[in-house]
Every structure is written in C-alpha cells, then in structure tokens.
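A.B. asks: What follows is a predicted protein model with its sequence.
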Amino acid sequence: MRPRQTYKRVLDVCCGSRMFWFDKKDPRCLYADIRRETLITDTRPGRSPTVVDPDVMANFTELPFDDASFYHVVFDPPHTLNMDSTTRTVKKYGTLGDDWKAILRAGFSECFRVLKPNGTLIFKWSDVHIPLKEILVLTDMKPLYGHKSGKQQHTHWVAFIK
C-alpha cells in the first residue's frame, strides 16, 4: 500500500484564470487545469492578458489525485459547444466537442472520486448552448440546491454533497 498523499483542502479542477476567486492565490486551494498559457484576449488599452497558471496541469477527466483527497471541489468546465478555437471566448474558457456528454460524465466521476465522504462539490454551468437539465443527468449524484446568476440568468451554481 502506498502512503497517502497530502493535499490542500480545496481543489479547482479547471481553474482557468481563476476569475471568480476572491483570492486568486488562496493557500487552501490546489488549482488544476489542462493548460498553462498567457492569452491576449482583449487588445483595448489598459486590459491585462488572461493568465492560466495552474499549480498542477491535469485533465479533469483523469485527475492525478488519490481517492477521497479533498473536502471541497470546484468544477467549472467549458460551457460552449463546438465553437471556433480562434474566438476570444474559446481562448479564454475552452469549448466542448461532440463527445461533451462522455467528457462531462467523466469529469463528474473524477470530481466525486477525489472528494472526501460528506465533502461538497460546487458546479458552475452556463446554459447558453446546453441546458442544465441535460448536464445534471450525467451524474448519479443528486444536487442539493442551485442558483441562477448573471444579467440574463444563464449561469447556474449547483451544490452537491458526497
């Protein structure tokens, strides 16, 4: 039996540029993403580049962590479907392909695998391309509650407990 690895308490599995974090370097969180890059997504004067600099490079469909390692997991995958990779939105947030159901199903599975018993998962989803109801059926876990936000109420925040 290998020794149990020690991790931080929180895992963000697709952190991107950490846009919604109050503290983008919160020491309680381990930030993971499939990419590391600096993107110029807005060329207007005074705009900063988008920086994606995870602590760990990892694909949310195959997380390199032991089972039951985190108390809290944040899952904010790409929300758009089959968009042109040269667009500002895709450069900043990514996009899903035709295999989106399998990818998100694997993502949910991995998030719950690394979550400790009674741990919480916060899932963020924008239903502009795919309705939330089509996403929630991709996991057997039952959500606790959710909240719509944003000017047009397209972003959903959904809480789960393992």
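C.D. replies: Right, received. Where do you want to start?

A.B. asks: Now tell me what touches the longest helix that the chain contains from outside.
C.D. replies: The single longest helix within the chain, with elements called by DSSP state H, is helix 100-114. Applying CB atoms under 8 Å, 6 or more residues apart in numbering, the contact partners of helix 100-114 are 11, 13, 60-63, 65-70, 73, 75, 77, 81, 96-97, 121, 130, 135, 138-139, 141, 160, 162. For the C-beta atoms, the positions are set from N, CA and C on the backbone; glycine is no exception.

A.B. asks: Sort out which residues of the least confident helix or strand in the chain by mean pLDDT are buried, please.
C.D. replies: Within the chain, no helix or strand scores below helix 88-93, which has a mean of 73 by mean pLDDT, DSSP states H and E. Buried residues in helix 88-93, defined by neighbour count with 16 or more other CB atoms under 10 Å: Val90, Lys91, Lys92, Tyr93.

A.B. asks: Next: stretch 90-110.
C.D. replies: Residues of stretch 90-110 classed as buried: 90-96, 100, 103-108, 110 (neighbour count, 16+ other CB under 10 Å).

A.B. asks: Same check on stretch 57-65?
C.D. replies: Those would be Ala58, Asn59, Phe60, Thr61, Leu63, Phe65, for stretch 57-65 by 16+ other CB under 10 Å.

A.B. asks: Which is the succeeding secondary structure element to the longest helix of the chain?
C.D. replies: strand 115-126 (DSSP states H and E).

A.B. asks: now for that next one, which elements pack on it?
C.D. replies: Here strand 115-126 touches strand 70-75, strand 155-161, going by 3 or more CB pairs under 8 Å, 6 or more residues apart in numbering; DSSP states H and E.

A.B. asks: Need the phi and psi values for Val13.
C.D. replies: Main-chain torsions, Val13, degrees, to the nearest 10: phi -80, psi -20.
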